[in-house]
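S.K.: Output the structure for:
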Amino acid sequence: MGAFRVNPDSAADGTLTIESPDTGKASLAQFLVDISSETYDQIDAGYDPDTAQGRENSIRGLLRALQAVVDAAERAAEDAAAGDTDSADQQLETVAMRLENVSSNIDDASDTLSDPLTAAARNRLDQAQLRNEQAREADRL
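M.R.: Numbering: from 1, shown residues only. The predicted model follows:
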């Protein structure tokens, strides 16, 4: 099992083909890097510090939590690609704990973020938790 993040152009015609898709822990961990980085970038660009008025700490906490997921997922992907199953699994356990931090930080920041941005962050969190579980269960590196 693997995951590949695709954001196709909605105006494009035709079929999207993924040549030689990767599977296994490394692929799933890289998906976690991609989706968490994308969420970080969108939240960082999508909130207005002028309207946050004293609630910037909740956004900064969420951004730090997302960066911590990215860091651990990058290490998991590197370890899996290097063939180190034990270290990759340990990093994926760290990702799971850090995703829980992201969840509570989304709750804390939801009053500061727009409803669509909060919903997108929660949806991506659900995907990240699913893919992390799949990565931990994957036998293939």
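S.K.: Next secondary structure element downstream of the helix or strand of the chain with the lowest mean pLDDT?
M.R.: Of all helical and strand segments in the chain, the minimum by mean pLDDT, DSSP states H and E falls on helix 49-52, at a mean of 73. Per DSSP states H and E, the first helix or strand lying C-terminal to helix 49-52 is helix 56-81.
S.K.: buried residues in that following helix?
M.R.: By 16 or more other Cβ atoms under 10 Å, the buried positions in helix 56-81 come out as 58-59, 61-63, 65-66, 68-81. Bear in mind the C-beta positions are built from the backbone N, C-alpha and C, glycine included.
S.K.: Figure out the helix or strand that the residue nearest to the spatial centre of the chain lives in.
M.R.: For the chain, the residue nearest the mean C-alpha position is Ser36 (2.5 Å; Cα atoms, centre = their mean). Secondary structure assigned from DSSP H and E places Ser36 in helix 25-46.
S.K.: Report the angle between that helix and helix 56-81.
M.R.: Relative orientation of helix 25-46 and helix 56-81, computed by axes from the mean of the first three to the mean of the last three Cα atoms, to 10 degrees: 160 degrees.
S.K.: doesn't Val70 make contact with Ala128?
M.R.: No. At 10.5 Å, Ala128 does not count as touching Val70 under the criterion of Cβ atoms under 8 Å.
S.K.: Quickly list what's touching both of those two.
M.R.: By Cβ atoms under 8 Å, 6 or more residues apart in numbering, Ala128 and Val70 have these common neighbours: Ser36.
S.K.: Perfect, I'm done here.
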